[in-house]
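1. mind folding the following:
(one chain, ligands or ions: 2)
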Amino acid sequence: MTLIPELTILQPDDKEHIDLPRTLEDELSVGKKRLYIESYGCQMNFADSEIVAAVMRNAGYATTSSADEADVIFLNTCAIRDNAEQKVRHRLKHLTGLKRQKPELLVGMLGCMAERLKTKLLEEEKVVDIVAGPDAYRDIPKLVEEAESGQKAVNVFLSREETYADISPIRLNSNGVTAFVSIMRGCDNMCSFCVVPFTRGRERSRDPFSIVREAQDLFDQGYREVTLLGQNVDSYKWELGVRSEELGVADRTGRPASANMDASATPNSSLLTTNTNTTTTFAHLLEMVAQIHPDLRVRFSTSHPKDITDDVLHTMARYDNICNYIHLPAQSGNSRVLKLMNRTYDRPWYIGKIDRIREILGEDCGISTDMISGFCTETEEEHQDSLSLMDYVHYDYAYMFAYSERPGTLAAKKYADDIPEDVKKRRLNEIIARQLAHSAERNQRHIGQVQRVLIEGPSKRSDDFLCGRNDQNKMVVFPKGDHQKGQYVNVLVTECTSATLRGEVVNA
Ligand code: SAM
Ligand code: SF4
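-> Ligands and ions are numbered 1, 2, ... in the order given. As a prediction, the model looks like this:
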């Protein structure tokens with residue numbers, strides 16, 4: 001029997017809930033000072049915390065999963081919406097209590113909220129000792145030393161070059177199967193609602209050799225999926241030059257010359273000989289990472305409708321191990337609102353991109369979006385356009401938000417935040433309800449299909465079941481049998497519940 005009960009689509013509050021801070025792994029810490037990090041917000045922040053942990057380990061710190069045991073506590077913060085900042089401020093209240101019991105404890109604010117508020121944070125939150133923006137992570141040990149000597153320490157300098165390419169992140173709370181790899185930092189897009197260009201600075205791409213090397217290392221350690229991260233991965237661009245040599249990488253695959261490559265991992269030789277001295281685009285990069293090994297799945301996020309190319313779609317079509325899933329945020333379905341948002345595309349352009357995805361990758365390609373309700377001056381009809389765009393696309397999944405004005409953004413300067421909160425909420429609920437229906441339909445398409453699933457570990461509800469994602473990024477749950485984390489299995493989908501597919505392994 002087919003079940004479609006209580007299919008849950010993430011509501012903004014739920015999303016905040018999943019975004020709840022992650023703690024660090026416990027490491028042996030005899031004689032070492034202990035570091036505890038909480039990360040808030042987007043995947044990029046979680047990836048950044050892994051860089052911070054690596055920097056601090058180099059400075060002699062061990063990590064702990066208990067804030068109570070820590071000598072240094074970092075909150076890696078998000079500033080994207082007001083409620084993200086409120087959550088961090090609430091957390092700081094708790095840390096104030098902790099510091100009262102342990103006055104030598106150091107508290108650092110990292111990331112976007114730190115960058116947005118800079119020294120104001122020190123004035124407003126007395127418990128904070130260290131403020132470090134997203135490009136200042138190499139400087140953190142020095143900032144900690146300064147704070148140990150009793151001074152407040154701040155570095156919110158934004159760089160045009162920093163990509164942390166040479167730092168090997170320490171994987172925190174990892175399942176050992178899937179990992180994030182940052183391919184670029186910052187954003188040049190200036191969407192009018194968004195604070196990211198101000199908190200993360202100018203866009204810059206990371207050396208592709210170092211990216212491939214990191215992905216290869218992950219594969220060698222047993223990881224089977226990498227997600228390439230950037231605010232706008234489609235504008236990834238690298239001119240082949242000296243910096244790759246500085247990084248000590250021997251060939252375009254990112255593998256050191258001495259590495260012992262097996263035949264299946266050997267990249268397509270044409271990729272090594274073509275494009276020398278040319279630009280590496282995102283499509284090239286995807287191909288380079290996909291060629292590491294057919295068993296290494298490749299995902300990426302986020303694509304921008306103005307920049308995603310047919311080249312990227314054709315590259316996805318050519319490689320079975322590049323997942324058939326695209327996160328393509330629309331934000332609104334109305335061309336006037338999109339113009340006010342400075343998204344630089346309109347509704348027909350966005351629909352054209354969806355049509356290309358369907359033509360090149362087929363109906364089964366998973367597509368998700370971000371949607372904002374109640375942006376400045378949005379009318380009821382314009383809101384209806386967002387709903388009708390959703391009807392056109394039938395997204396598999398969506399992140400949905402009520403507009404939250406952010407100080408300093410173009411929208412805050414130019415437009416009145418004039419949609420009452422109750423109207424924003426009602427529109428948001430309509431968007432969520434529509435998405436719920438579409439997700440249910442899209443999930444049902446899989447019933448009766450055999451899906452290739454990468455096992456990530458035991459299911460949340462029972463150790464007798466395992467779970468993992470299919471190509472389209474949907475969680476699939478199935479009886480454990482003899483299967484293990486990190487293996488691929490073929491699962492016949494028989495039911496779908498709560499945004500999860502359920503089924504049975506038909507062959508490994
Ligand atoms: N770079 C990605 C892109 O262009 O789609 C998104 C980055 S942003 C961290 C994630 C999402 O937060 C955005 O796509 C947008 O939907 C939402 N967002 C950003 N600023 C917002 C605001 N001021 N109010 C509500 N939602 C916002
Ligand atoms: Fe923000 Fe737009 Fe950049 Fe995304 S593309 S991070 S929404 S400015």
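2. what about the helices in the stretch 301-450 of the chain?
-> With helices called from DSSP state H, counting those that start in this stretch, the stretch 301-450 of the chain shows them at 310-318, 335-340, 347-361, 380-393, 410-414, 421-444.
3. CA atoms only for the first one, dumped as CSV, please.
-> Right, the one you point to is helix 310-318. Taking Å, rounded to 0.1, in the frame of the first residue of the first chain, the C-alpha atoms of helix 310-318 are listed here in CSV:
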residue,chain,number,x,y,z
ASP,A,310,24.0,24.5,-21.0
ASP,A,311,27.6,23.4,-20.6
VAL,A,312,27.0,22.6,-16.9
LEU,A,313,23.8,20.7,-17.8
HIS,A,314,25.5,18.7,-20.5
THR,A,315,28.4,17.9,-18.1
MET,A,316,25.8,16.6,-15.6
ALA,A,317,24.2,14.5,-18.3
ARG,A,318,27.6,13.0,-19.3
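4. what are the buried residues along that helix?
-> 312, 313, 315, 316 (16 or more other C-beta atoms under 10 Å). No exception for glycine: its C-beta is placed from N, CA and C like everyone else's.
5. which of those sit farthest apart?
-> The most widely separated members of those are 313 and 315, with 7.3 Å between them, by C-beta to C-beta.
6. interface residues of the stretch 101-250 of the chain facing ligand 2?
-> Contact residues, the stretch 101-250 of the chain versus ligand 2 (C-beta under 6 Å from any ligand atom): 187, 189, 190, 191, 194, 196, 197, 231, 232.
7. mind running it again at 5 Å?
-> Proximity of the stretch 101-250 of the chain to ligand 2, by C-beta under 5 Å from any ligand atom, involves residues 187, 189, 191, 194, 196, 231.
8. where does the residue nearest to the fifth one when sequence neighbours are not counted fall, phi/psi-wise?
-> In space, not counting the residues next to it along the chain, residue 196 is nearest to residue 187; the distance is 5.0 Å by C-beta to C-beta, 6 or more residues apart in numbering. Backbone dihedrals for residue 187, given as degrees, to the nearest 10, come out at phi -160, psi 140.
9. turn the helices of the stretch 301-450 of the chain into TSV, including mean pLDDT and distance to residue 91.
-> Below are the helices of the stretch 301-450 of the chain laid out as TSV (pLDDT from 0 to 100; distance: least, C-beta to C-beta, whole Å):
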stretch	mean pLDDT	distance to residue 91
helix 310-318	98	38
helix 335-340	98	34
helix 347-361	98	37
helix 380-393	98	33
helix 410-414	98	25
helix 421-444	96	24
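10. and stretch 152-167, how far out from the chain middle?
-> 19 Å (C-alpha atoms, centre = their mean, to the nearest Å).
11. helix or strand for residue 298, which one?
-> According to DSSP states H and E, residue 298 maps onto strand 297-301.
12. and that strand with helix 310-318, angle?
-> Our comparison of strand 297-301 with helix 310-318, counting by axes from the mean of the first three to the mean of the last three C-alpha atoms, to 10 degrees, yields an angle of 150 degrees.
13. now for strand 297-301, which elements pack on it?
-> On a contact count with 3 or more C-beta pairs under 8 Å, 6 or more residues apart in numbering; DSSP states H and E, strand 297-301 meets strand 225-229, helix 282-290.
14. could you give me the average pLDDT of the longest one?
-> For helix 282-290, mean pLDDT rounds to 97.
15. next, the buried residues of it.
-> 282, 283, 284, 285, 286, 287, 288, 289, 290.
16. can you report how many residues lie near residue 302?
-> Residue 302 is flanked by 20 other residues according to other C-beta atoms under 10 Å.
17. what's the answer for residue 86, then?
-> Residue 86: 10 neighbours (other C-beta under 10 Å).
18. and it, which of the three is it?
-> Secondary structure, DSSP: H, G, I helix; E, B strand; the rest coil: residue 86 is helix.
19. what sits against it?
-> Contacts for residue 86 (C-beta atoms under 8 Å, 6 or more residues apart in numbering) come out as none.
20. try the one 3 residues further on
-> The contact partners of residue 89, taken as C-beta under 8 Å, 6+ apart, are residue 125.
21. show me what residue 109 is bridged to.
-> Per DSSP bridges, the residues bridged to residue 109 are residue 75, residue 131.
22. distance of it from ligand 2?
-> Distance from residue 109 to ligand 2, counting by C-beta to the nearest ligand atom, to the nearest Å: 21 Å.
23. residues near that residue, how many?
-> 26.
24. surely the residue nearest to residue 196 meets residue 200?
-> Yes. With contacts counted by C-beta atoms under 8 Å, residue 187 reaches residue 200, the gap being 6.2 Å.
25. please enumerate the shared neighbours of these two.
-> Shared contacts of residue 187 and residue 200, counting by C-beta under 8 Å, 6+ apart, come down to residue 231.
26. which residues sit in contact with the closest residue to residue 228 other than its chain neighbours?
-> Spatial nearest neighbour of residue 228, excluding adjacent residues (C-beta to C-beta, 6+ apart): residue 300 at 4.2 Å. Residue 300 is in contact with 183, 227, 228, 229, 230, 233, 282, 286, counting by C-beta under 8 Å, 6+ apart.
27. kindly report the same for residue 226.
-> Neighbour list for residue 226: 178, 179, 180, 181, 215, 218, 289, 296, 297, 298, 299 [criterion: C-beta under 8 Å, 6+ apart].
28. any idea how far ligand 1 is from it?
-> 19 Å.
29. low-confidence ranges, the protein, go.
-> 1-31, 241-277, 497-498, 508 (pLDDT under 70).
30. could you confirm residue 35 falls within a strand?
-> Yes. Judged by three-state DSSP, residue 35 forms part of a strand.
31. now it, nearest residue through space, not along the chain?
-> In space, residue 35 is closest to residue 61, 4.4 Å off (C-beta to C-beta, 6+ apart).
32. give me phi/psi at that neighbour?
-> Per degrees, to the nearest 10, the backbone of residue 61 is at phi -90, psi 150.
33. relative to residue 506, how far out is it?
-> Distance, residue 61 to residue 506, by C-beta to C-beta, to the nearest Å: 47 Å.
34. quick one: which of the two has more around it?
-> Taking neighbours as other C-beta under 10 Å, residue 61 and residue 506 compare with residue 61 leading, 22 against 12.
35. contacts only, for that one.
-> 32, 33, 34, 35, 71, 72.
36. going by neighbour count, which of those are buried?
-> For those, a neighbour count by 16+ other C-beta under 10 Å gives the buried set as 33, 34, 35, 71, 72.
37. and those residues, which is closest to residue 125?
-> residue 72 (16.2 Å).
38. correct me if wrong: that closest one contacts residue 33.
-> Yes. Here residue 72 reaches residue 33: they are 6.8 Å apart, a contact under C-beta under 8 Å.
39. how about the residues of the chain by ligand 1?
-> Near ligand 1, when you scan the chain using C-beta under 5 Å from any ligand atom, you find 42, 80, 193-194, 231, 302, 329, 370, 372, 401, 403-404, 406.
40. distance to residue 475 for those residues - can I get that in JSON lines?
-> Below are the residues of the chain next to ligand 1 laid out as JSON lines (distance: C-beta to C-beta, whole Å):
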{"residue": "42", "distance to residue 475": "20"}
{"residue": "80", "distance to residue 475": "25"}
{"residue": "193", "distance to residue 475": "30"}
{"residue": "194", "distance to residue 475": "29"}
{"residue": "231", "distance to residue 475": "25"}
{"residue": "302", "distance to residue 475": "20"}
{"residue": "329", "distance to residue 475": "21"}
{"residue": "370", "distance to residue 475": "20"}
{"residue": "372", "distance to residue 475": "26"}
{"residue": "401", "distance to residue 475": "22"}
{"residue": "403", "distance to residue 475": "29"}
{"residue": "404", "distance to residue 475": "28"}
{"residue": "406", "distance to residue 475": "32"}
